[in-house]
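K.L.:
no sequence for this one, just the structure:
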């Protein structure tokens, strides 16, 4: 149940402007001690909100909403005539039933709203309990009613449950998939009712763990990858909800074949809820699978799943759960390591990149390392940048590799987090490029573009 400060914030987030004005009035009544007025005004707010949302659904072509709106308009046209009042009372009597049928809330939420209506009725008809004991509403009850109404109805746009689930399916299977965290939270979490939110999380978890068959035209593994991206975003918002959905899949995941288990590991192995879902037997089995050496050739990049799995060595929790990871990663060739390193860039891989630059035995091998260096620029400290440039200048196979001048220019531009401190480090490198040990007949290997970039004004 929200705290009092939360109620203030929630009232300001009510979806419908008219409902927001009325909800603010409810809250003012409550704070002024007018408990009866608070409950009566809350029911008014609920009816206004539902009627408005039914109108929006009718505009969207929902046949049930269109009929209800027609009845509302017919009653409104009669104004204060007795027949018009009677018709509107009939509509309001059935309003919660209509809301449930239109999937604006579910059956449990309807029961909570029913209680608000019941309390409203005894507030405006206090002698329903008898002439000697009129109903006196409790302050705590009034506040709880407002919190419930906000949570199950007032905060949410008029999106029907099944339609929102259909929208989620279209989002994850569309030709263009853009898993922007802010967009995912806005569309499928922030203003989504608790029951539908749980359903969406369970759908995302099932696809992510189990690669469910799909008729969307996408391969099941690709749809699973997309759902995993959504699931990790939602886990940042509500980890217990995601963990509860994942735990339901424990036995089904354990029964998958090894390849499917590895694909799920590849997409979720950096998430704590994934490991909390598995028991020790399954975790041990995964460690055995990971411990098998990759089958690609020495100078052939790892396959996508293998690269993603071995990239988990950069995650401390995955290293703890899968002891075999580090040994397998250390045994990889440069080409294979770069496949893993570029899949999930992390601070962990920076020392490996420095070591690969130091030991590069050919121009081609140095060139293979450059994507890993660029993708890790944002993780470099001043000391690590100095180490990278020292190894580049000390190894002729690096500084004289054709890809290195544009690579170091990109590294310079992508290490702005180091501010002006990086300028002297790069200048030291360029000074080394000018000494007798680094003379080249080709001006390209004097790094002219990097020199020009460093000469530009730099802000910290």
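P.N.:
Received, thanks. Here the structure is a predicted model, which is why all the values come from computation and not from measurement.

K.L.:
what distance separates the start and the end of stretch 209-220?
P.N.:
Length of stretch 209-220, first residue to last, C-alpha to C-alpha, to the nearest Å: 11 Å.

K.L.:
residues in contact with that stretch?
P.N.:
169, 173, 206-207, 221, 223-224, 226, 246, 249, 252-253, 256, 260, 263-264, 268, 277 (C-beta atoms under 8 Å, 6 or more residues apart in numbering). For glycine as for every other residue, the C-beta is placed from the backbone atoms N, C-alpha and C.

K.L.:
List the buried residues in it.
P.N.:
Residues of stretch 209-220 classed as buried: 209, 210, 211, 214, 218, 220 (neighbour count, 16 or more other C-beta atoms under 10 Å).

K.L.:
Closest to residue 326 out of those?
P.N.:
For those, the closest approach to residue 326 (C-beta to C-beta) belongs to residue 209, at 25.3 Å.

K.L.:
Quickly note the distance from the closest one to residue 291.
P.N.:
Distance, residue 209 to residue 291, by C-beta to C-beta, to the nearest Å: 22 Å.

K.L.:
any low-confidence regions in the stretch 51-200 of the chain?
P.N.:
84, 127-132, 160 (pLDDT under 70).

K.L.:
for this structure, what's the longest helix?
P.N.:
helix 35-59 (DSSP state H).

K.L.:
Which other helices and strands does it contact?
P.N.:
Packing partners of helix 35-59 (3 or more C-beta pairs under 8 Å, 6 or more residues apart in numbering; DSSP states H and E): helix 17-31, helix 63-77, helix 95-101, helix 107-124, helix 139-149.

K.L.:
Kindly reformat those helices as TSV containing distance to residue 345 and mean neighbour count.
P.N.:
Below are those laid out as TSV (distance: least, C-beta to C-beta, whole Å; neighbours: other C-beta atoms under 10 Å):
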stretch	distance to residue 345	mean neighbour count
helix 17-31	44	18
helix 63-77	49	15
helix 95-101	48	18
helix 107-124	44	16
helix 139-149	43	19
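
K.L.:
Save these as a markdown table, and put in distance to residue 48 too.
P.N.:
Shown next, in a markdown table, are these (distance: least, C-beta to C-beta, whole Å):
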| stretch | distance to residue 48 |
| --- | --- |
| helix 17-31 | 6 |
| helix 63-77 | 12 |
| helix 95-101 | 10 |
| helix 107-124 | 13 |
| helix 139-149 | 12 |
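
K.L.:
residue closest to the middle of the chain?
P.N.:
Centrality entry for the chain: nearest residue to the mean C-alpha point is residue 233, 1.7 Å, by C-alpha atoms, centre = their mean.

K.L.:
Show the backbone phi and psi for that one.
P.N.:
phi -70, psi -40 (degrees, to the nearest 10).

K.L.:
wait, it sits on residue 182?
P.N.:
No - assessed by C-beta atoms under 8 Å, residue 233 is found out of contact with residue 182, at 9.1 Å.

K.L.:
I'd like to check the angle between the longest helix of the chain and helix 63-77, please.
P.N.:
Here helix 35-59 runs at an angle of 120 degrees relative to helix 63-77 (axes from the mean of the first three to the mean of the last three C-alpha atoms, to 10 degrees).

K.L.:
List the buried residues for helix 35-59?
P.N.:
35-43, 45-51, 53-55, 57-58.

K.L.:
Now find how far off-centre stretch 174-191 is within its chain.
P.N.:
7 Å (C-alpha atoms, centre = their mean, to the nearest Å).

K.L.:
can you pull the buried residues of that stretch?
P.N.:
By neighbour count on 16+ other C-beta under 10 Å, the buried set for stretch 174-191 is 179, 184, 185, 187, 188, 189.

K.L.:
what about residue 242, how many neighbours?
P.N.:
A total of 25 residues lie near residue 242 under the criterion other C-beta atoms under 10 Å.

K.L.:
wait, it sits on residue 200?
P.N.:
No - here residue 242 does not reach residue 200: they are 10.7 Å apart, not a contact under C-beta under 8 Å.

K.L.:
Overlap of the contact sets of these two?
P.N.:
By C-beta under 8 Å, 6+ apart, the residues touching both residue 242 and residue 200 are residue 234.

K.L.:
Show me what whichever strand or helix holds residue 89 is packed up against.
P.N.:
Secondary structure assignment for residue 89, by DSSP states H and E: helix 82-93. Identification of packing neighbours for helix 82-93 by 3+ C-beta pairs under 8 Å, 6+ apart yields helix 63-77.

K.L.:
How far away from the center of its chain is the helix it packs on?
P.N.:
Using C-alpha atoms, centre = their mean, the offset of helix 63-77 from its chain centre is 39 Å.

K.L.:
Okay, helices next: where are they in the stretch 301-450 of the chain?
P.N.:
304-310, 316-321, 324-330, 334-341, 350-359, 363-375, 382-394, 396-399, 404-413, 421-433, 448-455 (DSSP state H, counting those that start in this stretch).

K.L.:
Tabulate these (a markdown table), appending mean neighbour count, mean pLDDT and distance to residue 285.
P.N.:
Shown next, in a markdown table, are the helices of the stretch 301-450 of the chain (neighbours: other C-beta atoms under 10 Å; pLDDT from 0 to 100; distance: least, C-beta to C-beta, whole Å):
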| stretch | mean neighbour count | mean pLDDT | distance to residue 285 |
| --- | --- | --- | --- |
| helix 304-310 | 22 | 96 | 14 |
| helix 316-321 | 16 | 97 | 12 |
| helix 324-330 | 16 | 96 | 12 |
| helix 334-341 | 25 | 96 | 21 |
| helix 350-359 | 19 | 97 | 27 |
| helix 363-375 | 20 | 97 | 30 |
| helix 382-394 | 19 | 96 | 37 |
| helix 396-399 | 21 | 94 | 41 |
| helix 404-413 | 20 | 97 | 40 |
| helix 421-433 | 17 | 94 | 45 |
| helix 448-455 | 15 | 94 | 49 |
